[in-house]
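> no sequence on hand, only this structure:
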């Protein structure tokens, strides 16, 4: 309950902004074809609720799947990179490629490879969200205190044991930071993928745009943000459960 | 599933003798230790004193075999047991995601000792150090002094024959430091292990050790190697004039350059 109460300060700017915008549009200060009145957005949400509900379900599934894949793959790649400096130098630059590739440009390529539909959308979410997982996990694993590594060596721990019992738990706060960033990116990746080749909120935005239905565009974008927030919130919950007894960030 | 590869048993296992011959260590063109010779008898409590940067921490890590010397050798006698050396750092360095009990049991866990046995030994070690009630707490909930006690318990849980300490109590307040010094000395007497204690503090060295080695400012050269002529250590030692006399000798060696 206190967690809900702590969300109230965040809602206040939103309510103020919404109210001001409503007034501004009604009075005529802001053109409604540029920014629709919040009431119009709300009405669009109600009118198209079935369509939007289906869309958000589709996008959620794709974003979540892409995110889970990038979590597992990203962590595995980071573990691999952490094994030696030579391997890092050889392969890390290619991981950076995932950071810099413009997804909007390669999305058509993904359609060619995976066809129209969920596979492309998931691939898009994956490509966009994997790099923060790799980068943060790698930093976390490599940042283990030398004294602790010495301690493990002193008692004959193998490289694998040290990874599992020391480096990985020590890296958890850093990994979760990476996941927080990746979660939002996964939603963006999914939406972009849907623009080009899929159903879901991205498709709703695209179609509504061509129909000049700005209110519907806003409605879909708002729902996409809510989805991003929900994923972010889930990571925070995981962080709270796993770190609460020992890490400063949760105390 | 968890077969015990190693069983640690017996109270006092005694200490090991060390023989360092011609040890040399260079870090990036800088000779940290030039040519170091030292013999340590089994069961001795040796203090190594010296200014910052004199190589004493490096020396300790070489003795622990965490670092290989560039020249020379460290002989340990007997060299039978694989895991007979323990190290206590200046920071407690506990694993924050584990309870005090799991932290204390860590060496045994890494050595492959079964759960029941390692928890029993960890509890015994914590009890000896006065932290029996804290076993379910997490390091974040402990004070600095308590964390250092856990670190000490962890160092003793595998019944080492060689205990190396690198300025372990430097970050603690004076009273806690004094209490831990006393306790360490008591534990040493009970178990008869060999202790090498690196410190900045002359008073601590004089209180704890049988023998003190003073290192020069550079290259780990030995300036003084002395058996301390002191009575049995207790809280009143500081009132004994011999204590002050020894401190004066050590101070003299450290000051001249």
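Everything's here; your move. Nothing here was measured: the structure is a model prediction, and the numbers come from that model.
> switch to C-alpha atoms for all contacts and neighbour counts from now on
Fine.
> what about residue B:43, how many neighbours?
For residue B:43, the count of nearby residues is 19 (other CA atoms under 10 Å in any protein chain shown).
> so it touches residue B:193, yeah?
Yes: counting by CA atoms under 8 Å, residue B:193 is a contact partner of residue B:43 at 4.8 Å.
> mutual contacts of these two, please.
Residues touching both residue B:43 and residue B:193 (CA atoms under 8 Å, 6 or more residues apart in numbering or on different chains): B:14, B:15, B:16.
> among those, which ones are in strands?
For these, not one is inside strands, with DSSP state E as the criterion.
> next up, the contacts around residue B:231.
By CA under 8 Å, 6+ apart, the contact list for residue B:231 reads residue B:237.
> surely residue B:33 touches residue B:216?
No: assessed by CA under 8 Å, residue B:33 is found out of contact with residue B:216, at 10.5 Å.
> please, where are all the helices along the stretch 151-251 of chain A?
Per DSSP state H, counting those that start in this stretch, the stretch 151-251 of chain A carries helices over the ranges A:159-162, A:168-197, A:201-210, A:214-243.
> ranking those helices by burial, who's on top?
Neighbour counts (mean count of other CA atoms under 10 Å in any protein chain shown) averaged over each of the helices of the stretch 151-251 of chain A peak at helix A:168-197, with a mean of 25.
> can you state the direction angle for that one and helix A:201-210?
Put simply, helix A:168-197 runs at 40 degrees to helix A:201-210, going by axes from the mean of the first three to the mean of the last three CA atoms, to 10 degrees.
> low-confidence regions, chain B specifically.
In the predicted model, chain B carries pLDDT under 70 at residues B:1-13, B:81, B:257.
> what about the helices in it?
Shown for chain B, the helices assigned by DSSP state H span residues B:56-63, B:100-111, B:115-128, B:144-157, B:174-191, B:202-208, B:241-255.
> need the contact list for residue B:214.
Listed by CA under 8 Å, 6+ apart, the contact partners of residue B:214 are B:48, B:49, B:50, B:222, B:223, B:224, B:225, B:250, B:253, B:254.
> give me phi/psi at residue 28?
With no chain named, the answer covers chain A. Backbone torsions of residue A:28, given as degrees, to the nearest 10, read phi 110, psi 0.
> ah, I was thinking of chain B
phi 50, psi 60.
> what distance do you get for it to residue A:78?
The spacing between residue B:28 and residue A:78, counted by CA to CA, to the nearest Å, is 30 Å.
> who's more crowded, the two?
Neighbour totals were compared for residue B:28 and residue A:78, and residue A:78 leads with 24 against 7 (other CA under 10 Å).
> show the model's pLDDT score for that one.
Residue A:78 carries a pLDDT value of 95.
> any idea which helix or strand carries it?
helix A:49-81 (DSSP states H and E).
> residues in contact with residue B:118?
B:105, B:108, B:109.
> list just the nearest of those to residue B:158.
Ranked by distance to residue B:158 (CA to CA), the contacts of residue B:118 are led by residue B:108 at 6.2 Å.
> burial count for residue A:149?
Neighbours of residue A:149 under the rule other CA under 10 Å: 16.
> and it, what pLDDT?
Reading off the model, residue A:149 has pLDDT 93.
> I'd like the distance between it and residue A:170.
Distance of residue A:149 to residue A:170, computed by CA to CA: 11 Å.
> can you check residue B:115 too?
Computed as CA to CA, the residue B:115 to residue A:170 distance reads 23 Å.
> which residues of the stretch 51-200 of chain B lie near chain A?
The stretch 51-200 of chain B comes close to chain A at residues B:64, B:66, B:83, B:85-87, B:89, B:93, B:95-97, B:107, B:110-111, B:138-140, as judged by CA under 8 Å from any CA of the partner chain.
> any of the residues you listed buried? List them.
For those, a burial check counting by 16 or more other CA atoms under 10 Å in any protein chain shown picks out B:64, B:83, B:85-87, B:89, B:93, B:95-97, B:107, B:110-111, B:138-140.
> format the shared contacts of residue B:43 and residue B:193 as CSV; extra columns: neighbour count and distance to residue B:121.
CSV is the format used below for those (neighbours: other CA atoms under 10 Å in any protein chain shown; distance: CA to CA, whole Å):
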residue, neighbour count, distance to residue B:121
B:14, 17, 18
B:15, 23, 20
B:16, 26, 22
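> so which of those residues comes closest to chain A?
Of all these, chain A sits closest to residue B:16, with 16.6 Å by CA to the nearest CA.
> so that closest one is in contact with residue B:163, correct?
No: shown here, residue B:16 and residue B:163 do not form a contact pair, counting by CA under 8 Å, at 9.8 Å.
> next, count neighbours for residue A:146.
Neighbour count of residue A:146, defined by other CA under 10 Å: 10.
> repeat that for residue B:188.
Applying other CA under 10 Å, we find 21 residues neighbouring residue B:188.
> now swap in the one 4 residues further on and tell me
Residue B:192: 20 surrounding residues under other CA under 10 Å.
> show me the contacts for residue B:63.
Neighbouring residues of residue B:63 by CA under 8 Å, 6+ apart: residue B:74.
> for residue B:44, same thing?
Counting by CA under 8 Å, 6+ apart, residue B:44 makes contact with B:15, B:193, B:194, B:195, B:210, B:211.
> most neighbours, which of these?
residue B:195 (27 neighbours).
> now for it: which residues touch it?
B:43, B:44, B:45, B:46, B:162, B:163, B:164, B:165, B:188.
> looking at those residues, which is nearest residue B:59?
Checking the contacts of residue B:195 against residue B:59 by CA to CA gives residue B:164 as the nearest, at 10.6 Å.
> so the closest one sits against residue B:86, correct?
Yes: between residue B:164 and residue B:86 there is a contact at 6.0 Å, judged by CA under 8 Å.
> joint contacts of these two?
Common neighbours of residue B:164 and residue B:86, counting by CA under 8 Å, 6+ apart, are residue B:64.
> next, find the distance separating residue A:102 from chain B.
As judged by CA to the nearest CA, to the nearest Å, residue A:102 and chain B stand 39 Å apart.
> any idea how many residues pack against that residue?
12.
> up against chain B, what does chain A have?
With CA under 8 Å from any CA as the criterion, chain A comes near chain B at residues A:147-148, A:150-157, A:166, A:169, A:243, A:245-247.
> so which of the helices of the stretch 151-251 of chain A comes closest to residue A:17?
helix A:214-243 (14.1 Å).
> tell me what the closest one is packed against?
Counting contacts by 3 or more CA pairs under 8 Å, 6 or more residues apart in numbering or on different chains; DSSP states H and E, helix A:214-243 packs against helix A:38-47, helix A:49-81, helix A:168-197, helix A:201-210.
> if we can go back for a sec, so what sits against both of residue B:16 and residue B:163?
Shared contacts of residue B:16 and residue B:163, defined by CA under 8 Å, 6+ apart, are found at B:193, B:194.
> residue B:242 against residue B:230, yeah?
Yes: assessed by CA under 8 Å, residue B:242 is found in contact with residue B:230 at 6.4 Å.
> which neighbours do these two share?
Counting by CA under 8 Å, 6+ apart, no residue touches both residue B:242 and residue B:230.
> show me the contacts for residue A:152.
For residue A:152, the contact set (CA under 8 Å, 6+ apart) comprises A:162, B:107, B:110.
> how about residue A:128?
Residues counted as contacts of residue A:128 (CA under 8 Å, 6+ apart) are A:98, A:99, A:103, A:182, A:185, A:186, A:188, A:189.
> okay if I get those as TSV plus pLDDT?
TSV is the format used below for the contacts of residue A:128 (pLDDT from 0 to 100):
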residue	pLDDT
A:98	78
A:99	82
A:103	85
A:182	95
A:185	94
A:186	95
A:188	93
A:189	93
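> tell me the one among those residues nearest to chain B.
Among the contacts of residue A:128, residue A:182 lies closest to chain B (CA to the nearest CA), at 24.5 Å.
> leaving out chain neighbours, which residue sits closest to the closest one?
Distances taken as CA to CA, 6 or more residues apart in numbering or on different chains place residue A:129 nearest to residue A:182, at 4.6 Å, with adjacent residues excluded.
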